[in-house]
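Asks: Give me coordinates for this.
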Amino acid sequence: MSTPIHPVILCGGSGTRLWPLSRKDRPKPFLPLVGEQTLFEQAVGRVGGDDRFAAPIIVAGSQHIDLIEQQLGPASGNRLVVEPTAKNTAPAIALAAALLDPDAIMLVCPSDHHIADEAAFRAAALAAAELAREDWLVAFGIAATRPETGYGYLQRGEPLAGGYRIARFVEKPDRARAEEYLASGEYSWNGGIFAFRAGRLLEEVKTHRPEMARLVVQAVETGREAGPRFLPAAEPFEAIHGDSIDYAVMENTDRAAMVPAAMGWSDIGNWAALQDALASVADGSGNVARGQIDFDGCRGVMALSDGPRVSAVGLEDVCIVVSGDEVLVTTREGAQRVGKLPGASGQ
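Replies: Numbering: from 1, shown residues only. Have a look, this model is predicted:
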């Protein structure tokens, strides 16, 4: 490959569904949820030490920049783009695109996902980059392994070299429809990982969200450098009407493509998803323990504690989390609703 791919790592969101471990001062990306490294450190490491990838651009809010620099270590060579305010993924990605050469290939990655098979991830990234060089806007189509109702889906269209056109984007389905999608073999999960040529992405934003494009360019042109940090101008950026990259661009373009990716992906979107990602360390009854934990007659229970002993008897499909002065107990089914609890929303 003649020129390296430019990873763009997005550090946004509060991870409230992983409360009480994930909190405003140290949200989900900066926690070691799977393994010894944090999810953010894993995201950076996934493209590190490989000359096919340039040093990542990291887009984040000012409240987390110190955490990011601490986890990156000194002299990392990464560029940090500091958003004046959170405006969802489309403006964040457009900021990075405006700082790159128009012909640069961007690989957009969330900072808080887990990917078990990094070789498969890199293979999908290279295939996506080749399509992006041909001005396709490329999503990773994550291999669906269950009838998941918490993810959006991509329907596979006509074949392309290394991938497929996207026939349509589908919002989070109900259980019956998710089962139909899985059985058909035509649908993949939309994992929020993308590849774009920077100039083409900006052209698409200008076409479908012209005011957003104008304000992003203005924020970059009147922004300033501060060491490894780039500070977009606050006034134009704060005037942007935020939107996701899916709604702003991907669902409107006629050049949407996907590359299939079977790479052990999880968005670690709630406690049940984390338990699934930790299946390799579960006991014979599917229980996962971290900290001082005792199980008696339990099946499919995850218990995590950073202090007090947790003893669970006769439970099934339950998640127990003790973090500092907070305790959460939820069924796996209820894990999606944790972010709505007063403790999570009021932290």
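
Asks: List the residues that contact I166.
Replies: 139, 154-157, 250, 256-258 (C-beta atoms under 8 Å, 6 or more residues apart in numbering). All C-beta spots, glycine's among them, are computed from the backbone N, C-alpha and C.

Asks: Same check on N88?
Replies: Per C-beta under 8 Å, 6+ apart, neighbours of N88: 12, 242-244.

Asks: Show me which parts of the biggest helix by length in the chain are buried, residue by residue.
Replies: In terms of residue count, the longest helix belonging to the chain (DSSP state H) is helix 118-133. Buried residues in helix 118-133, defined by neighbour count with 16 or more other C-beta atoms under 10 Å: 120-122, 124-133.

Asks: who does that helix touch, helix- and strand-wise?
Replies: Here helix 118-133 is seen to pack against strand 105-110, strand 137-142, strand 163-170, strand 187-197, strand 256-261 when contacts are counted using 3 or more C-beta pairs under 8 Å, 6 or more residues apart in numbering; DSSP states H and E.

Asks: got the CA coordinates for the second one in CSV?
Replies: The reference is to strand 137-142. Presented in CSV, the C-alpha positions along strand 137-142 are these (Å, rounded to 0.1, in the frame of the first residue of the first chain):
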residue,chain,number,x,y,z
LEU,A,137,-18.1,5.3,1.8
VAL,A,138,-17.5,2.0,3.6
ALA,A,139,-18.9,0.5,6.8
PHE,A,140,-17.7,-2.6,8.5
GLY,A,141,-20.5,-5.2,8.3
ILE,A,142,-20.1,-7.2,11.5
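
Asks: Parallel or antiparallel, which strands does that strand pair with?
Replies: When sheet partners are counted by DSSP bridges, strand 137-142 sits next to strand 187-197 (antiparallel), strand 256-261 (parallel).

Asks: residue ranges with poor pLDDT in this structure?
Replies: 1-2, 74-75, 347 (pLDDT under 70).

Asks: can we see that at 80?
Replies: By pLDDT under 80, the weakly predicted segments of the chain are 1-2, 13-14, 74-77, 346-347.

Asks: can you list the domains in it?
Replies: 6-266, 280-345 (automatic domain parsing).

Asks: Which one of the ones you listed lies nearest to A272?
Replies: domain 280-345 (4.1 Å; C-beta to C-beta).

Asks: Figure out how far that closest one is from the centre of its chain.
Replies: How far domain 280-345 lies from its chain's middle: 24 Å, per C-alpha atoms, centre = their mean, to the nearest Å.

Asks: ends of that domain, how far apart?
Replies: Domain 280-345 has an end-to-end distance of 31 Å (C-alpha to C-alpha, to the nearest Å).

Asks: How about stretch 18-33?
Replies: End-to-end for stretch 18-33, by C-alpha to C-alpha: 10 Å.

Asks: Buried residues in it, which are they?
Replies: Of all the residues in stretch 18-33, those buried under the rule 16+ other C-beta under 10 Å are 18-23, 27-31, 33.

Asks: Take these and keep only those in strands.
Replies: Nothing among those maps onto strands, per DSSP state E.

Asks: so who does A344 touch?
Replies: By C-beta under 8 Å, 6+ apart, the contact list for A344 reads 16-17, 19-20, 338.

Asks: One more pass at 7 Å, please.
Replies: 16, 19, 338 (C-beta atoms under 7 Å, 6 or more residues apart in numbering).

Asks: which among these gets closest to I93?
Replies: For the contacts of A344, the nearest to I93 is T16 (22.7 Å; C-beta to C-beta).

Asks: so of the domains of the chain, which one's packed in deepest?
Replies: Most buried of the domains of the chain, by mean neighbour count (mean count of other C-beta atoms under 10 Å): domain 6-266, with a mean of 19.

Asks: Can I get the longest helix of the chain in CSV? Just the C-alpha atoms.
Replies: Written as CSV, here are the backbone C-alpha positions of helix 118-133 (Å, rounded to 0.1, in the frame of the first residue of the first chain):
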residue,chain,number,x,y,z
GLU,A,118,-7.1,-8.1,15.6
ALA,A,119,-5.7,-9.8,12.4
ALA,A,120,-9.3,-10.0,11.0
PHE,A,121,-9.8,-6.4,11.9
ARG,A,122,-6.7,-5.3,10.0
ALA,A,123,-7.7,-7.4,7.0
ALA,A,124,-11.1,-5.8,6.9
ALA,A,125,-9.5,-2.3,7.3
LEU,A,126,-7.3,-2.9,4.3
ALA,A,127,-10.2,-4.1,2.2
ALA,A,128,-12.3,-1.1,3.3
ALA,A,129,-9.4,1.3,2.4
GLU,A,130,-9.2,-0.1,-1.1
LEU,A,131,-12.9,0.6,-1.6
ALA,A,132,-12.6,4.1,0.0
ARG,A,133,-9.8,4.9,-2.5
